[in-house]
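Trainee: Give me a model of this one.
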Amino acid sequence: MLRLTAFFAVALLAAAIALGAALAFAGTRFIVLASTTSTDNSGLFKHILPLFTAQTGIEVRVVARGTGQALQMGRDGDADVLLVHDTAAELKFVDEGYGVERRPVMYNDFIIVGPNDDPVAIAGSHDVVAALKQIANARATFISRGDDSGTNRAERRFWDSAGVDVDTASGTWYLEAGAGMGTTLNVAAAENSHTMSDRGTWLGFENRRDLAILVEGDLLLFNQYGVILIDPVRHPHVKKADGRALIAWLTSPEGQQEITSFRIGGEQLFFPNYDAQ
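Mentor: You can find the predicted model right below:
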């Protein structure tokens, strides 16, 4: 009888602990941030978000997707805040009533990377359109993200400007990974091929093999990031107060300084520019 009583006591204690843990988890104050793979892969969020949480008690749960997918999450009400990098699409998103309070946060730039021996002779170029024309003319393998991300959308615009129909070329010299930036860089490194990357992910990428930066410095390669609160009128479950708290912190002098302080190998990855807009 004593053994049975002890068994029930242990079971009751375990149930109480489990219930307490469940209640504690349920009471966690958090928001969902849908953002790009570049901000996540680069390590930026691991650097800045714990600082925000320590100050506010608000946990930020990041869902890293391409910009197109992140915007769709916003339309569906599956996030509280977006941090993405396709200004035209962001403004349209707000104009259509899906988001409010868009603010610029920071920028970096895109680069074209490729084989270190530079078989297409584009190394040192500051003209991304001309370089892509040379890649196409040489039918040199190019690995595209192919995931409707902000990077992928920018890349497609550059191909259009170069007069190259990559839809027709798809599956030949133009290959689509359908993946995030880190995975796409891994494929390009394995195939010793060209691709376009944001500089932040490239700097944090360790599996470069024989890849090197070949094209950079073109003004077209400017890469702006913006933050948007999902419209709480359209989606009443959006945690607007906590979402606004994150946006305010990211664009505050402190948040902007923390973005500045994030470096890899001494090199700054993102450049805050809220006040410059």
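
Trainee: Tell me which residues of stretch 162-182 come out buried.
Mentor: Ala162, Val164, Val166, Trp173, Tyr174, Leu175, Glu176, Ala177, Ala179, Gly180, Met181, Gly182 (16 or more other CB atoms under 10 Å). Placement of C-beta: from N, CA and C, glycine included.

Trainee: and the fourth one, how far is that from Glu155?
Mentor: Read that as Trp173. Using CB to CB, to the nearest Å, Trp173 is found at 15 Å from Glu155.

Trainee: same question, the fifth one
Mentor: Remark: distance between Tyr174 and Glu155 (CB to CB) = 11 Å.

Trainee: which neighbours do those two share?
Mentor: Residues touching both Tyr174 and Glu155 by CB atoms under 8 Å, 6 or more residues apart in numbering: Ser144.

Trainee: mind listing what the residue most central in space within the chain touches?
Mentor: Of all residues in the chain, the one closest to the mean position by CA atoms, centre = their mean is Thr36, 1.8 Å from it. Taking CB under 8 Å, 6+ apart, we find Thr36 in contact with Ala64, Arg65, Gly66, Thr67, Ala70, Leu83, Val84, His85, Ser149, Gly150, Thr151, Tyr225.

Trainee: just curious, which of the residues you listed is nearest to Glu101?
Mentor: Nearest to Glu101 among these is Leu83, at 12.6 Å by CB to CB.

Trainee: before we move on, the earlier item: show the model's pLDDT score for the residue nearest to the centre of the chain.
Mentor: Listed pLDDT for Thr36 reads 90.

Trainee: With Arg208 instead?
Mentor: Reported pLDDT for Arg208: 95.

Trainee: Using the three-state scheme, assign the residue nearest to it when sequence neighbours are not counted.
Mentor: The shortest distance from Arg208 to any non-neighbouring residue, by CB to CB, 6 or more residues apart in numbering, is to Ala189 (6.0 Å). Classification of Ala189 using DSSP: H, G, I helix; E, B strand; the rest coil returns helix.

Trainee: Neighbours of Ala189, how many?
Mentor: A count of nearby residues for Ala189, using other CB atoms under 10 Å, gives 18.

Trainee: How about Ala121?
Mentor: 11.

Trainee: wait, isn't it in contact with Gln134?
Mentor: Yes. Using CB atoms under 8 Å, Ala121 makes contact with Gln134 at a distance of 7.0 Å.

Trainee: in this protein, which spans are helices?
Mentor: Using DSSP state H, the helices of the chain run over 2-26, 37-41, 44-56, 67-76, 87-95, 128-138, 150-162, 166-169, 181-191, 199-204, 240-250, 253-261.

Trainee: Least reliable of those helices by average pLDDT, please.
Mentor: Lowest mean pLDDT within the helices of the chain: helix 2-26, at a mean of 42.

Trainee: ok, back up a step: buried deepest among the helices of the chain, which one?
Mentor: Neighbour counts (mean count of other CB atoms under 10 Å) averaged over each of the helices of the chain peak at helix 37-41, with a mean of 25.

Trainee: quick check: domain ranges of this structure?
Mentor: Domain assignment of the chain by automatic domain parsing yields the ranges 28-107+223-272, 109-221.

Trainee: can you tell me the distance between the two ends of the last one?
Mentor: In other words, domain 109-221. End-to-end distance of domain 109-221 (CA to CA, to the nearest Å): 5 Å.

Trainee: Distance from that domain to the middle of the chain?
Mentor: 17 Å (CA atoms, centre = their mean, to the nearest Å).

Trainee: Can you give the distance from stretch 263-272 to the centre of its chain?
Mentor: Between the centre of stretch 263-272 and the centre of its chain there are 16 Å (CA atoms, centre = their mean).
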